[in-house]
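1. Give the three-dimensional model of this entry:
(3 chains)
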Amino acid sequence: MSRTFLGMPATAPRGVGHLRGDEPFPAAARRALADPQLRRNLGHATTTIRARSGAVIRELPDWEQLRAAGSAIKADVLARLPELLEQLEAAVTAAGGTVHWAADAVEANRIVTDLVAATGSDRVMKVKSMATQEIGLNEALAAAGITAVETDLAELIVQLGEDRPSHILVPAIHRNRAEIREIFLRAMPGVDPALTDEPAALAAAARRYLRQTFLTTPVAVSGANFAVAETGTIAVVESEGNGRMCLTLPETLITVMGVEKVVPTWRDLEVFLQLLPRASTGERMNPYTSMWTGVTPGDGPRAFHLVLLDNGRSAVLADRVGRQALHCIRCSACLNVCPVYERTGGHAYGSVYPGPIGAVLSPQLTGVEDNASLPYASSLCGACYDACPVKINIPELLVHLRAAHVAARRRPTAESVAMAAAAYAMDHPAWYAAVQRAARLTRLAGRRGRGLPPPLSGWTIGRDLPEPPAQSFRDWWARR
Amino acid sequence: MSSRDLVLGRLRAALGPDPAAPADVPRDYRPAGGPADVDLLARRLTDYRATVHRCADGEVARVVDEVLGGRRVVVPPGLPRRWLPGTVEAVTDDRLGSARLAAVDGVVTAAAVAVAETGTIVLDGAPDQGRRIITLLPDVHVCVLRADQVVAGLPDAVARLDPRRPLTWISGPSATSDIELDRVEGVHGPRHLHVVILPPGPPS
Amino acid sequence: MRVALMVTCLADTLFPAAATATVRLLERLGHEVVFPAKQTCCGQMHVNTGYLADALPLVRRHVRTFDPYDVVVAPSGSCVGSVRHQHAMVARRAGDERLASRAESVARRTHELSEFLVDVLGVTDVGAYYPHRVTYHPTCHSLRMLRVGDRPLRLLRQVRGLDLVELPQAEQCCGFGGTFAVKNADTSTAMLADKLRHVLATGAEVCTAGDSSCLMHIGGGLSRLRAGVRTVHLAEILAATEETGAAADPTRTAARA
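-> Below is the predicted model of the structure:
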């Protein structure tokens, strides 16, 4: 399909935001794998969180029932997304909020920039939000002369370190306490030079540093974990209190949310508030959850804007198999259990959405050709599917996207020729048996595969090939 | 074409002319109505580094004195004055500015609901709980609740709360898991949370 | 019981000992084993690499080959996983609903070896003797696609002479993943290195599993390290007795005969 019609599902535009990496996954992964400190930091952090999450999940006798309910609610949301968004818009508007619609990152950035500029402030404070990272909002604000201050501790670490986020929940997971201390000493204005690397001391330093920002910044930008269509209620789940600061202190609050974050009813939160904290931070409940509906006179912001973002989500929705990636509640459980993520970290995925969910979400948001290596960045071990609190079948989606990628290729490749040849042989048993016998001749080479041509040479960087047997099973069977 | 029409049009096109029927949601997880275990609430609160006090209504002032005696506190306009000892300098929140609020040492409030299973208290902005900001800027939060406000689990709390009110769910003091994915207490919100649990009784 | 052996292309070609052991084991337990000779490959590699169109004739061949049998057994969690979770999907995507429903019917009659022994035959003591220190790696597809759970361990615990030692972080993937090991060779090798470290930490002489593919991967790594630890398919351990000894492998002895 070469033409795009208005009103047809569209992928996220190129040239804006952070959904595409600069290089294919295997190349980026190779660099990450060569960093032993990164491997240690990731291994330590993911092992810690797996144990904590597992313990609080086992406390619930009805975890599987909650997963089933969460999955079904999300499927229901997708099946009637347009009407739920209209309902949400009406409820937010009735409660004194203003709803904006953004077809893509460019439009969302423009809407937010204009809203901030209208307040007259040249500074905006932000609660951690995947949607605003996805669209590259901070860069767009900077281009308009507006400074965005990240207030989440991990985001602050990333921002001060001039780094990139590498995890959905804990963007600085690739940094250990000693590295965080160094970043603070180098880049945090007014920091105490006697700062230690005790986590409590590092947290206290962030508290002191951001306090004035919270008290004096008149506008904040947040994301949303959930938005309730029937009531217009928005929920933000957090730990540190920076979210509460941003959601209650400023005069103007702007919330940017992907359209799939809507849930039908207030009651649905009883499911997701049990699933999300246990799957993400491994807590029974996160320290703070804020919920608000429009504007409350005398309490909190006087102006509330809700920006509903498409940016490729309509294209994901158009794929009946692929759309389950939109169930994601950004808990990052799939990252924490993924053996690939644990070794490569998040940067290797290129997109702001790393790990298994990123490997199935990013290529769908951008079109698979723009993130073609990601669906292959998995051994299909299935740990992500078991961990997902809303039961996204990530291995199924990975295979689905690999098929989409193969189907979209126009010219044959060495791989496609080999696959076709193998399929031909395997559909012709006599030819298959002859190939088996020929393969055994490699015994004569006697080098167990060392010196194979690429891509097969990848195998022999760390393993020997098996010695072929004297006869195949079918030969043995025929002669027994 | 407006962006609203564009986005909604795209989503409708994505679903196609024959969208899947809305899915039935199986809700066979534990429903509301389980027994509210106040001891469990106390354990869960303690587990996440909140301090729990259990006493009679008449002893609240003594607890507040222990925690905040000699210091300045802000209180919401509807807070029962009998809960405040003479040893604290109490300022009633009358839309105080954030700088004033940031300068006080503590805050005393009531609560709307508490969830035993998760160790969570919920504030809903009622007159005895006040504006959201007053429980955010001071470093010490003393929250007084009656045992009959304690519910078993999340479904009970959701059923009791009114989503049209601004709600703040609090589970322990401010914390973060951002350093090596382990939890440490004390970032931007109150670093000290004291929960005073009273026997069941009529609303104060 | 008459059992059709689904040998898997990998065992047929490279690891016939796993397949001959399956035959000996089932015959020793009093069952008739047949080998439908028109079988080749379940097509999993094609499906998992995205070549669904190429996989279609293989699915069709598999269904045609095994449809006549009431019971199909394979010494592979991964290939049984493909039969159960992929064949009907491949058929449906090609618009062949009839093939899909036949594939589902074959899938219902297809069992991984440890499932077949424990669930269908109801045995955990198969009369095996294997006097070695052994650690068991639960392969991802047997663990998470088939949910074989502790069935292999229950079988191993009944083997006389066998010293079963627990593998640390057993449920972590070994890094094989079919073409993943080639396309993402560096990441795969890093995963394998950790698996090897855990295997070596057990002090076992033998690492076993229910899939020749993962064993090929782990065994290739152990061979490169010259670690002296062997990989042996679960079927070979369960087929071993005092009479046969542990090394009975007719496909290797045949070369000498």
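
2. next one: phi and psi at B:Leu11?
-> Main-chain dihedrals, B:Leu11, degrees, to the nearest 10: phi -70, psi -40.

3. pLDDT score assigned to it?
-> If you check B:Leu11, the pLDDT there is 97.

4. State the helix or strand in which the nearest residue to it once chain neighbours are set aside lies.
-> Leaving aside its sequence neighbours, B:Leu11 sits nearest to A:Pro82 (Cβ to Cβ, 6 or more residues apart in numbering or on different chains; 4.8 Å). In short, each C-beta sits where N, CA and C put it, glycine included. Here A:Pro82, judged by DSSP states H and E, is contained in helix A:81-94.

5. and whichever helix or strand comes after that helix, what other elements does it pack with?
-> The first helix or strand that comes after helix A:81-94 along the chain, using DSSP H and E, is strand A:98-102. Here strand A:98-102 touches helix A:81-94, helix A:105-119, strand A:303-309, helix B:3-15, going by 3 or more Cβ pairs under 8 Å, 6 or more residues apart in numbering or on different chains; DSSP states H and E.

6. any idea which of the ones you listed is most buried?
-> Compared across these, strand A:303-309 shows the largest average neighbour count, a mean of 24 (mean count of other Cβ atoms under 10 Å in any protein chain shown).

7. Any part of that strand near chain B?
-> Yes - using Cβ under 8 Å from any Cβ of the partner chain, strand A:303-309 reaches chain B at A:Leu308.

8. how about the closest residue to C:Gly77 other than its chain neighbours, what does it touch?
-> Leaving aside its chain neighbours, C:Gly77 sits nearest to C:Ser142 (2.7 Å; criterion: Cβ to Cβ, 6+ apart). Neighbouring residues of C:Ser142 by Cβ atoms under 8 Å, 6 or more residues apart in numbering or on different chains: C:Gly77, C:Ser78, C:Gly81, C:Glu112, C:Ser114, C:Val148, C:Pro152, C:Ala209, C:Gly210, C:Asp211.

9. Take these and lay them out in TSV including pLDDT and secondary structure.
-> Output for the contacts of C:Ser142, formatted as TSV (pLDDT from 0 to 100; DSSP: H, G, I helix; E, B strand; the rest coil):
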residue	pLDDT	secondary structure
C:Gly77	97	helix
C:Ser78	97	helix
C:Gly81	97	helix
C:Glu112	98	strand
C:Ser114	98	helix
C:Val148	97	coil
C:Pro152	98	helix
C:Ala209	98	strand
C:Gly210	98	coil
C:Asp211	98	coil
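
10. From the residues you listed, pick the one nearest A:Arg320.
-> Distances from A:Arg320 to the contacts of C:Ser142, taken as Cβ to Cβ, are shortest for C:Gly81 (22.9 Å).

11. Okay, the closest one and A:Ala55: tell me how far apart.
-> C:Gly81 sits 29 Å away from A:Ala55, taking Cβ to Cβ, to the nearest Å as the criterion.

12. repeat for B:Leu193
-> 22 Å.

13. Now the one helix or strand B:His141 maps to: average pLDDT?
-> Using DSSP H and E, B:His141 maps to strand B:140-146. Averaged over strand B:140-146, pLDDT sits at 97.

14. next one: stretch C:243-257
-> 51.

15. re the thing from before, quick one: list the elements packing against the helix holding A:Pro82.
-> Identification of packing neighbours for helix A:81-94 by 3+ Cβ pairs under 8 Å, 6+ apart yields strand A:98-102, strand A:226-228, strand A:262-263, strand A:303-309, helix B:3-15.

16. With neighbour numbers in mind, choose between B:Leu193 and A:Ala55.
-> B:Leu193 (25 against 12; other Cβ atoms under 10 Å in any protein chain shown).

17. Checking B:Val122 next. Helix, strand or coil?
-> Following DSSP: H, G, I helix; E, B strand; the rest coil, the label given to B:Val122 is strand.
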